[in-house]
Every structure is written in structure tokens, then in C-alpha cells.
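Participant: Give me coordinates for this.
(chains A, B, C and D)
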2 protein chains.
Amino acid sequence: MRSRKPTSSDVAAAAGVSRSAVSFAFNNPQRIAAATRERILSVAEELGYRPSTLGRMLQAGTTNSIGVLFPQRLAQVMENPYYSRFLMGAGQVCDREGYTLLLTPPLRDSVIKAIPYAAVDGFIVCGLEVDRGEVAELDRRGIPFVLIDSDRHEGAPSVEVDDRGGAGEVARYLLELGHRRLAVLSIDPGPGVTERGYRGPLARRLAGIGDALADFGLDLTDVRLAEVPVTRTDGYRATRDLMAQPDPPTAIVALSDMLAYGAVDALQELAVDVPSEVSVTGFDDLAESAWFRPRLTTVRQPIVTKGRMAADFLISAIRGEDQHPHQMLSTSLIIRDSTAKPA
Amino acid sequence: MRSRKPTSSDVAAAAGVSRSAVSFAFNNPQRIAAATRERILSVAEELGYRPSTLGRMLQAGTTNSIGVLFPQRLAQVMENPYYSRFLMGAGQVCDREGYTLLLTPPLRDSVIKAIPYAAVDGFIVCGLEVDRGEVAELDRRGIPFVLIDSDRHEGAPSVEVDDRGGAGEVARYLLELGHRRLAVLSIDPGPGVTERGYRGPLARRLAGIGDALADFGLDLTDVRLAEVPVTRTDGYRATRDLMAQPDPPTAIVALSDMLAYGAVDALQELAVDVPSEVSVTGFDDLAESAWFRPRLTTVRQPIVTKGRMAADFLISAIRGEDQHPHQMLSTSLIIRDSTAKPA
DNA sequence: CCAGCTATGTAACACGTGTTAGTAACCTGC
DNA sequence: GCAGGTTACTAACACGTGTTACATAGCTGG
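Facilitator: Modelled structure (predicted):
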């Protein structure tokens, strides 16, 4: 039975040298005689010695890891293809720069409580309202961070998407086609959010839809709004509910492709043709949307680029380049086969 | 300019107490007078003091984090829905137990080199051959780990799937339908793998297909084999190639649903009907496969369960329960609309 | 033959925490 | 008035590393 893991002191004692010599043998070969180095390495091998990761990190002051702070539990994050794409972009940078990625969900439903348990060089903060405490906490901690899917904040770099413009564009497109009875499948902001959609990307998307409606003499009270979690099944259910009501919509504006898939599922089951009877649009342009039948009309946002830029900004900040760039990525309307003029 | 982050020593000095008192003020309130506690906390607040994560981890000997060791780069991992599902299962356990998840890709193309840079309490090791060095490295490091998608190894817990049985079942099903010209879309094992498919789940799946073929007087040399990365586009390309050759297959056995989607894409583009002209089967039963048109016949493997059990086993091991359970999960053939008798 | 340099090794410091053992001061009860 | 216990705090240890400043010994060159 090995009582406990051997340390560099154990190796030093066994080899009859000082602890410094052991360190040199591993990290600074030319600083020590070749013969003793051999002996030390041999003893280390025999004892099964490995330098402690935490010890080295503490001394070096770096972890080679970047944290991603999520507002939801990991199970929900990994269920959402949006985050998969985002992590793919961040992962590209991590692969290139030799960083690992620490996925950090809330601890006991609190994002702030999770922060002290993450041994990272910096954070990518996803979808948090800037005035809810987490940002202040990171600020005072003095650890670099980047904001994503949030609001502009002067204290840190951020990467945003022109949600308002994108949502406005797709809504305007539907209105120009002649649709007047619109329904919006929005994303449930979840518990702990102060007011519904008053901040962040969701609010901007709704505002964009409002912009478009205003151009046609309408406003947001003229559309039906459903707020559901971002799963295909929830999109399906919400659409069944919507279509069961009197005066069902002729166009469904989903704020996520995943919800749009579910909407089409429901309509197909109800034998309602898409797009001739009801049009459906998404948001994101996930890879699947091009393969989906009918091919989905949607607002493309550059998710992978977002992840890549977030990681790039963060690594720059970690390296001490003290700029705070704010990047606004643009969206583009991808018109495919799920939209048409109303019947 | 704040010169550097304040430590507990700084707080102690500023409050005129010892460093221990500071620690007590934070972690052991009733161990210290309420008045001095207040004073210490107030001074700490003023200085902007936060206990160092790494310092605490080093002393506590625990990181509250579990590592996932991947054989591929993060960008590829996150592109693969299989891993999303797997991480969803592992994430459920992490959510419940308060662990974070450290995604650890190879460092400079070496999995072994990545290990010392991961500050974790244990590893989930994905898809590695047990005799390639990583397992020995983890063994000698004395850190708990669990093997996934590998081969049974006596030194550690493992979670496997009955790949051989599952692949055999779907192949036998196609053969019983009357198909004789089969093509297999297999997964490119990637660089650094000793011999093609001689180990791990891929080998077992091919063996299972061999079993079924043997029942009909055939063997693996009678089927065409393409090995490609697990992306829809690669499945598409490989299928176009297969169908362009003389005597094209009447059934395509994909070893991943993602590849099966691509195969159907290619066949639709070639105006080859699925399933009446060519049957297609997948492996995994991703959520999308039930929504896919035609609904995909596939081998369901319990990916989420796999992730959950892996994390459960690992946490048990971390807590010192020294069993080494080996779980074999069973598959089931899900017959849907992408398969039929040959024309 | 000795000043000065190089090669080799070590002691000490720094990174930052939590916890145990120990010491005063104070209070209680007989 | 004092033994015995509690309270409040501190010194020291433990966790494990890398690195800087210093001490020897040996060698080289004039």
C-alpha cells in the first residue's frame, strides 16, 4: 500500500539531494550535472513521482484553462446546440493556444457561488445581465473576463450580435410578404431574471420585431408571444397550443432554430402545410437548418465566430493587453423554403 | 493602480490580527469574537480581498472538478452531437454533485502531455486504447479515472456498450430483409491509432457485422468499407462515392447517425429513394433521428446514461469506494422508415 | 601560486490557503 | 482565593511547487 503520493521532497530525500535539485532535474536540465540528473530521474521514476498540478499552478500563477460561466445547468447547456456551436468556436482557440475549457454551471443555483471554485485564468461569461452581481464579483476578483450575449459593459471586452437588426429584418420580410397575424416563439429567460426580456439579446430581438411592426402600423401587442425552453419538443407543444386558438397565426417567428423545428413538427402533424398555409422562421442558422425539410428560413448569426472571438479577446486580456474591445457581429437573413406569402 | 491582489496576510496586517483570524472570520465564524470578525470582514471588503482558489484547492486537496480526456481536439468534439449527449449525461451528475467539467483535449497532439495541466479530482477517459500509455500514466499518478468507449481494463471502472451485439443485430436485420450488397460507413479512427479498428467500439461493431454476415455465408470482405470523420458532410461525400461505383450497395450501414443523415442527403440528391431503392441505417439514435425524414432506422445506444454512469462511477472512486465496476449497457434496434426489402 | 571564473548544489523565499496545537486572559464555582 | 474551564487569538505546520541568492569546490590562466 502506497501511503500517499510522493512529493519532490520524497524524491530529494531518496536521492540524497535537495528539493531544488529535483526541480532542476525536471525543468532546467543544464543547471545540474548530467549524472545526478540521471540519478534523480531514476529515483523519481522508481517512486512514481509526478509534480503536483496544483502546486505548479499556484507557483506559476497560471492554470492554462479558461472558464465558461453558464447561467443554466450543464445538462441544459449541452442539450442546446447553440452552445455546442459556441463552444466549438471557443474550442478552436483553446486547441490552438493550448488551453483547456472549464464548464462552470451555477452552484446551488447561484452563478456567483460557482466562481470561487473555478481554477481558471479568465472567464467567458454567457448570457448574464451585467448588473446582477456576477460582473462586479469578477471585477473585484481582478480576473479577466469577456461578456457574451449580454449588454455592453465598459469594464470588460464583449462580443455581441446585432439581434435587433436581425430580428427586425426577418419580421419585416414576413410583413412585406403580407403576413399580419404573427406569433413569436420566444425563449424562456428562466428563473432569477428580473423582468422578462428587458435586457440582453432577447430584449433586443423583441425590440427589432417591434421596429418592423411599427413600420406597418402595428406593435408588439398585436402578436402572440410564447416563452418556452429551447427544445424541439417545447417548440412543438407551444405551436400546437398556438394553432388551437381562434385566429391562428399565418407566420411563426421562432427566436431559435430549435424551436422552429418543433413548430414545423407540430404543423406537419396538424396537416398544415409549410410554407403555403403557415410560414415559419428561425434564428441562429444551425447546420441542421439547411438539411431540414422544408429548408428553414432563418436569421444567421455567426455563433462559431462569436465563440472564437470571445476566446481570442479573453486570451488577449489574460496576456495583459488591457484593451476592452467591443465587437458587434452582424446577422444575415437566409431565405429558404419555409416561408411564403399567406394563403 | 492596485499593485497586486491582496492576500489573507494583507488583510491580517491591515486589521491588526493574525492570518489565522482572517481564515476563521471567513470559514469558522463561531471560532472568533463577533466584533473582530466584523472588523476583519470590513477590512477585507475594503481591500477587495478574495481567497485564492488555487491556494484553497492545494490545501484542501480537492478541486471539485472532473476532467474529460478526449482523443480529439475540442473543435471536433463539440461538432459531434454524440459528445454533446454524453456530456449532457455527465453534466447531470455534475449539476447534482456540484462539480465542474474540465474539457481536456490533447496538448500538442499528445493526450499524455495534457494530463499534468488538468487540475481535477479525476478523469473520464474517452475512446482511448488502454495500452497506449495514457492509462499507465493515470495509474501511476494515482488519480481516479473511468474508461469510456475503450476496452475493459482491470485497473479502473469502465462503461461500455454492447457494440458487437448492436451492430450484429442491425446487420442481421438487413440481411434477413434480403440485402446482400452492403456498404459500411465507418468512423475514421484518426491519426495515432496503431491498427485500423483493432480495438475499441469500432472493432466490436465491425466484428458484430462480421457475425451477422457469417450467418449468411458471407464475411467482411464482401462489404464495402469507407472510413470518414463523423460529420454529415463526410457521410454525404462518402455515399456519393459509393453510389458512383459499379454494383452500388442496396443497403448502407452507417456506424453513426450523423453519417446516416449524410448518406440520405446524398441519395436524395441522386434521386435514389430511401428506403425503396436503398436502405440506410444509423448508430446512436440521436434525438434528431426520430424527426429526420425518412425516420431513421438505427441502433440505439444509451449515450446519456453512459455519461451519467461514467460520472457516477468516477465520483464514487474519488470518494474512495475502491470498487471497479464494469458496466455493459445494451443497445436496441429501432426500426423506423429508412429500411425496406431490396427492390 | 593565487585571483577569478565556472560548475554544482543548497538554503531560503514566494505562491496562498486551512487547521491543529498552544498560550494568555478571563470567568465561574466552591 | 484558587482550581478548572471557557474564550479569543496566534504560532507553527501542511499542502507542493519553481526560482533566486548564496556557498562551495574545482578549474583556468597569468
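Participant: Flag the shaky bits of the stretch 1-150 of chain A, pLDDT-wise.
Facilitator: By pLDDT under 70, the low-scoring segments of the stretch 1-150 of chain A are A:1-3.
Participant: switch to 50 and redo it
Facilitator: For the stretch 1-150 of chain A, residues meeting the criterion pLDDT under 50 lie at A:1-2.
Participant: Please report the distance of the nearest residue to residue A:317 once chain neighbours are set aside from chain B.
Facilitator: Leaving out its chain neighbours, the residue that sits closest to residue A:317 by CB to CB, 6 or more residues apart in numbering or on different chains is residue A:144, at 3.7 Å. The C-beta positions use only the backbone N, C-alpha and C, and glycine is treated the same way. Noted for residue A:144: a distance of 13 Å to chain B, by CB to the nearest CB, to the nearest Å.
Participant: Then residue A:130?
Facilitator: Using CB to the nearest CB, residue A:130 is found at 19 Å from chain B.
Participant: ditto for residue A:323
Facilitator: Distance of residue A:323 to chain B, computed by CB to the nearest CB: 17 Å.
Participant: can you check residue A:18 too?
Facilitator: For residue A:18 relative to chain B (CB to the nearest CB), the value is 22 Å.
Participant: cool, and residue A:289?
Facilitator: Counting by CB to the nearest CB - residue A:289 and chain B are separated by 12 Å.
Participant: which element is that residue on?
Facilitator: Using DSSP states H and E, residue A:289 maps to helix A:288-291.
Participant: for that helix, what is the average pLDDT?
Facilitator: Per-residue pLDDT over helix A:288-291 has a mean of 92.
Participant: Give me the three-state assignment for the most centrally placed residue in chain A.
Facilitator: Central residue of chain A (CA atoms, centre = their mean): residue A:83, 4.7 Å from the mean position. Three-state call for residue A:83 (DSSP: H, G, I helix; E, B strand; the rest coil): helix.
Participant: That one - nearest residue in space that isn't next to it in sequence?
Facilitator: residue A:77 (4.9 Å).
Participant: name the helices or strands packed onto the helix or strand containing that neighbour?
Facilitator: Residue A:77 belongs to helix A:74-79 when assigned by DSSP H and E. Other elements packing on helix A:74-79 under the criterion 3 or more CB pairs under 8 Å, 6 or more residues apart in numbering or on different chains; DSSP states H and E are helix B:81-97.
Participant: ok, residues contacting the helix it packs on?
Facilitator: Residues from elsewhere that reach helix B:81-97 (CB atoms under 8 Å, 6 or more residues apart in numbering or on different chains): A:73-75, A:77-79, A:81, A:84, A:103, A:105, B:66, B:68, B:70, B:77-78, B:99-101, B:124, B:126, B:148, B:230, B:256-258, B:284, B:286-288, B:303-312, B:315.
Participant: Can you report how many residues neighbour residue A:9?
Facilitator: 11 (other CB atoms under 10 Å in any protein chain shown).
Participant: now do residue A:39
Facilitator: The local packing of residue A:39 (other CB under 10 Å) involves 17 other residues.
Participant: Test my guess that it contacts residue A:14.
Facilitator: No: look at residue A:39 against residue A:14 with CB atoms under 8 Å: they stay out of range, at 9.9 Å.
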